[in-house]
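*Asks:* dropping the sequence and predicted coords here.
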Amino acid sequence: MNQWIAALRSERIKLGHSRILLLAVIDPLLCVLIGLTAGMEKGDWMGLLLAMSLIHAMFFLPMLTGIFSAFVCRYEHEGGGWKQILSLPISRPALYLAKLLVAAGALALAQILFAISVVLVGLYQGFDLSLIPWELFATRLLGGFAACLPLAALQLFVSTMWSSFAAPLVLNMVFTVPNILIVNSATVGPYYPWAQPMLAMMQSNIDYNFGAFNLPTQSLMITVGASFLLFLTAGLMYFNRKPV
Amino acid sequence: MTDMMIETRNLMKKYKGTRAVDALNLAIPQGEIYGFLGPNGAGKTTTIRMLLGLIKPDSGVVQIFGKDLRKDRLQILRRVGSLVEYPSYYGHLNAIENLETIRRILNVPKSRIHEVLATVGLTKDAKRVVKGYSLGMKQRLGIATALLGSPELLILDEPTNGLDPSGILEIRELIKKMPKEQGITVLVSSHLLSEVEQMASSVGIVNQGRMIFQDSMPNLQRKAGSEIYIALSDAEAGVVTARELGCFPRLDDGRLVFKGLDNGQIARLVAALVDARHSIYRVEERRKSLEDLFLTMTGSGGAETDISRIDAGHGAPRAVGLRREAAQ
Ligand SMILES: Nc1ncnc2c1ncn2[C@@H]1O[C@H](COP(=O)(O)OP(=O)(O)OP(=O)(O)O)[C@@H](O)[C@H]1O
Ligand SMILES: [Mg+2]
């Protein structure tokens, strides 16, 4: 536990002056534009959330997940840092989990900023704050964040395996694009890590009641949890044995 | 069983069927500067990686501080500072921030950062982003990083790589101070014999993954031996004179060449030669250079290889085997 906190504090320095977290700001800003032009009916908070979620959950979240996961490995790949850090008194799992947590933290930041931007757009358009369906909002936003975690674990696995910053990103992009099609499939969609964030944020809505969107939240979250554990275990086992 | 800082037994690592490190028995006593010498591709870096647990040996045991690396890896690493192959750094951070990422894991006081920067002479550039450092400066930062945790054992893989002559000298002096001032044991690898000769107190020579010599530096130097060359007017007749005194020279280009003469023998020999009316032009001592010896041992030098010279030390029988293999 101490090791893990030490690793986390060490990762914190590495983020240093990099502007990677700006991406977590740009995402909601672009979503604001969509929210402002969506022309929602006054007071339709859920409609606004869905409209703004479309691009955010379908593209930005999976992309950001891949970027953050690759980023926490980037400087180790570039500067030969793996052999240095793994020669220190820190266990490999502790380091791995610290890196995963940094990526998850950046995603959480993106999701929080997104939530704030939805509320601000609503207020700007004169929606009544007291009418926000908090419970639904929270379920969607937290669910969307949680659904990024299997992908984060998978992308971190790939990012530690390939000593390159760009390669995992290309892979991530290639698998994110088909999201548009995959959500139509109720059988494949829930198991497709790149689609899970959008399924979690947009499912079972009157406007989107086709294909995979129809799945109840609970069963999706079970899939998310199981695939997270699967990818995390595989990644940890690989990293633990990786020759450096 | 040991007061050895590092001890390996039958260490072996295969890459695609060939043994990069083979049956390697390192033994490094406390307080030594151990020069780990071998030509390119000999297996030095591979060995060092195994010592640090970065890769797993295919067979064999590593013990550091008398503890098994497989069992007590983190405890051991807390007391070891290392620099493997080329320095690692985070280019977007300055030297202080680079050291801070390590310091947080080692959990040493912040003041250590400035101490080690001063030790390697980087204080002036400490606030510059490391991306803009020269290779030599990065190398120094790497050494500073290795020293940060006040290690008892320092493992440096070719630490003077890429340094200019004054940088090499500085690092060498720095390394030489370690055992004296701080009781640190140092393992330093190099492919340059001259470099090892100038700082190491004991030596291990590896070639093609095998240890072919391991002993103290003076013992290695003794093996190199010296010869006395005497140039004179009539070498053939000189041989006869020398034989009468019980010395058996070989002839080399009109000169007599003697092995292992002491001062008294040389004096008597010269006197006898003068008595026999020889004109003596030159008497000189030639040290067989360590370089020659090294090249002979590692088989990377000239065609002539003299196995008999590599007789003592742990690695001897293997060296013979190795030469035979090479000859086939
Ligand atoms: N990851 C690897 N995959 C395949 N072969 C390897 C690997 N690492 C090392 N080798 C091989 O093992 C042998 C020993 O390499 P090593 O890097 O240990 O040599 P070295 O003594 O450090 O040489 P140098 O002085 O050039 O640094 C070489 O033949 C090398 O090709
Ligand atoms: Mg090497």
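*Replies:* Okay, I see it. Ligands and ions are numbered 1, 2, ... in the order given.

*Asks:* which strand or helix spans the residue in the stretch 1-150 of chain B that ligand 2 sits nearest to?
*Replies:* Closest contact between the stretch 1-150 of chain B and ligand 2, by Cβ to the ion, is at B:Thr45 (3.1 Å). (Glycine included, C-beta is placed from N, CA and C.) B:Thr45 is part of helix B:44-51 when elements are defined by DSSP states H and E.

*Asks:* who's sitting farthest from the centroid in chain B?
*Replies:* Going by Cα atoms, centre = their mean, the residue of chain B most distant from its centre is B:Arg277, 47.8 Å out.

*Asks:* how much space between it and B:Ala237?
*Replies:* 9 Å (Cβ to Cβ, to the nearest Å).

*Asks:* tell me the pLDDT at A:Val188?
*Replies:* At A:Val188, the predicted lDDT confidence score is 68.

*Asks:* do A:Phe137 as well
*Replies:* 85.

*Asks:* need the three-state assignment for it.
*Replies:* Under DSSP: H, G, I helix; E, B strand; the rest coil, A:Phe137 falls in the helix class.

*Asks:* please name the nearest non-neighbouring residue to it.
*Replies:* Among residues not flanking A:Phe137 along the chain, A:Leu49 sits closest, at 6.4 Å (Cβ to Cβ, 6 or more residues apart in numbering or on different chains).

*Asks:* which of the helices or strands spans that neighbour?
*Replies:* helix A:45-55.

*Asks:* so for whatever helix or strand A:Ala7 lives in, mean pLDDT?
*Replies:* Element membership for A:Ala7, per DSSP H and E: helix A:2-15. What helix A:2-15 shows for mean pLDDT is 90.

*Asks:* please, where are all the helices along the chain?
*Replies:* Looking at chain A here, since you left the chain open. With helices called from DSSP state H, chain A shows them at A:2-15, A:23-37, A:45-55, A:61-79, A:81-85, A:92-124, A:134-161, A:166-176, A:179-182, A:196-202, A:217-241.

*Asks:* wait, I meant chain B there
*Replies:* B:44-51, B:69-78, B:95-106, B:111-119, B:135-147, B:165-177, B:193-199, B:217-224, B:235-244, B:263-275, B:290-298, B:316-327.

*Asks:* using JSON lines, please lay out the ones you listed together with distance to A:Val25.
*Replies:* What follows is the helices of chain B, written out as JSON lines (distance: least, Cβ to Cβ, whole Å):
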{"stretch": "helix B:44-51", "distance to A:Val25": "41"}
{"stretch": "helix B:69-78", "distance to A:Val25": "39"}
{"stretch": "helix B:95-106", "distance to A:Val25": "24"}
{"stretch": "helix B:111-119", "distance to A:Val25": "32"}
{"stretch": "helix B:135-147", "distance to A:Val25": "33"}
{"stretch": "helix B:165-177", "distance to A:Val25": "44"}
{"stretch": "helix B:193-199", "distance to A:Val25": "52"}
{"stretch": "helix B:217-224", "distance to A:Val25": "61"}
{"stretch": "helix B:235-244", "distance to A:Val25": "89"}
{"stretch": "helix B:263-275", "distance to A:Val25": "84"}
{"stretch": "helix B:290-298", "distance to A:Val25": "59"}
{"stretch": "helix B:316-327", "distance to A:Val25": "63"}
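
*Asks:* check whether stretch A:8-21 comes near chain B.
*Replies:* Yes. Legend: contact between stretch A:8-21 and chain B by Cβ under 8 Å from any Cβ of the partner chain is shown at A:9-10, A:13-14, A:16-18.

*Asks:* what are the buried residues along that stretch?
*Replies:* Buried residues in stretch A:8-21, defined by neighbour count with 16 or more other Cβ atoms under 10 Å in any protein chain shown: A:8-11, A:13-15.

*Asks:* stretch B:118-127 now?
*Replies:* B:120, B:122, B:125-126.

*Asks:* the residues you listed in strands, which ones?
*Replies:* Cross-referencing the buried residues of stretch B:118-127 against strands under DSSP state E gives no overlap.

*Asks:* quick one: distance of stretch B:267-284 to the chain centre.
*Replies:* Centroid displacement of stretch B:267-284 relative to its chain, using Cα atoms, centre = their mean, to the nearest Å, is 40 Å.

*Asks:* likewise stretch B:18-31?
*Replies:* On the basis of Cα atoms, centre = their mean, stretch B:18-31 sits 13 Å off its chain's mean C-alpha point.

*Asks:* now do stretch A:109-120
*Replies:* That offset, for stretch A:109-120, works out to 14 Å (Cα atoms, centre = their mean).

*Asks:* list the buried residues of it.
*Replies:* A:109-111, A:113-115, A:117-119.

*Asks:* redo those residues as CSV? Include distance to ligand 1 and pLDDT.
*Replies:* CSV is the format used below for the buried residues of stretch A:109-120 (distance: Cβ to the nearest ligand atom, whole Å; pLDDT from 0 to 100):
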residue, distance to ligand 1, pLDDT
A:Leu109, 38, 93
A:Ala110, 38, 93
A:Gln111, 40, 95
A:Leu113, 43, 94
A:Phe114, 43, 94
A:Ala115, 47, 93
A:Ser117, 48, 93
A:Val118, 50, 91
A:Val119, 53, 92
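
*Asks:* quick check, nearest of these to chain B?
*Replies:* Using Cβ to the nearest Cβ, A:Leu109 is the member of the buried residues of stretch A:109-120 that sits closest to chain B, with 20.1 Å.

*Asks:* so the closest one touches A:Ala24, yeah?
*Replies:* Yes. A:Leu109 is in contact with A:Ala24 according to Cβ atoms under 8 Å; the separation is 4.7 Å.

*Asks:* so who does the residue nearest the centre of chain B touch?
*Replies:* Nearest to the mean C-alpha position of chain B, by Cα atoms, centre = their mean, lies B:Gly35 at 2.8 Å. Applying Cβ atoms under 8 Å, 6 or more residues apart in numbering or on different chains, we find B:Gly35 in contact with B:188-190, B:195-197, B:199-200, B:202-204, B:217.

*Asks:* select from these the one having the most neighbours.
*Replies:* B:Gly204 (28 neighbours; other Cβ atoms under 10 Å in any protein chain shown).

*Asks:* burial measure for the spatially closest residue to that residue that is not a sequence neighbour, as a count.
*Replies:* The shortest distance from B:Gly204 to any non-neighbouring residue, by Cβ to Cβ, 6+ apart, is to B:Gln214 (4.4 Å). Using other Cβ under 10 Å, B:Gln214 has 24 neighbouring residues.

*Asks:* quick check: B:Gln214 vs chain A, distance?
*Replies:* Distance of B:Gln214 to chain A, computed by Cβ to the nearest Cβ, to the nearest Å: 24 Å.

*Asks:* does that residue touch B:Leu220 like I think?
*Replies:* No. If you go by Cβ under 8 Å, B:Gln214 and B:Leu220 don't touch, sitting 9.5 Å apart.

*Asks:* need the overlap of contacts for those two.
*Replies:* What both B:Gln214 and B:Leu220 touch, as defined by Cβ under 8 Å, 6+ apart, is the set B:Val203.

*Asks:* follow-up on the earlier one: CSV for the buried residues of stretch B:118-127, including pLDDT and distance to B:Arg73?
*Replies:* Shown next, in CSV, are the buried residues of stretch B:118-127 (pLDDT from 0 to 100; distance: Cβ to Cβ, whole Å):
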residue, pLDDT, distance to B:Arg73
B:Val120, 91, 27
B:Leu122, 94, 30
B:Asp125, 95, 34
B:Ala126, 94, 31
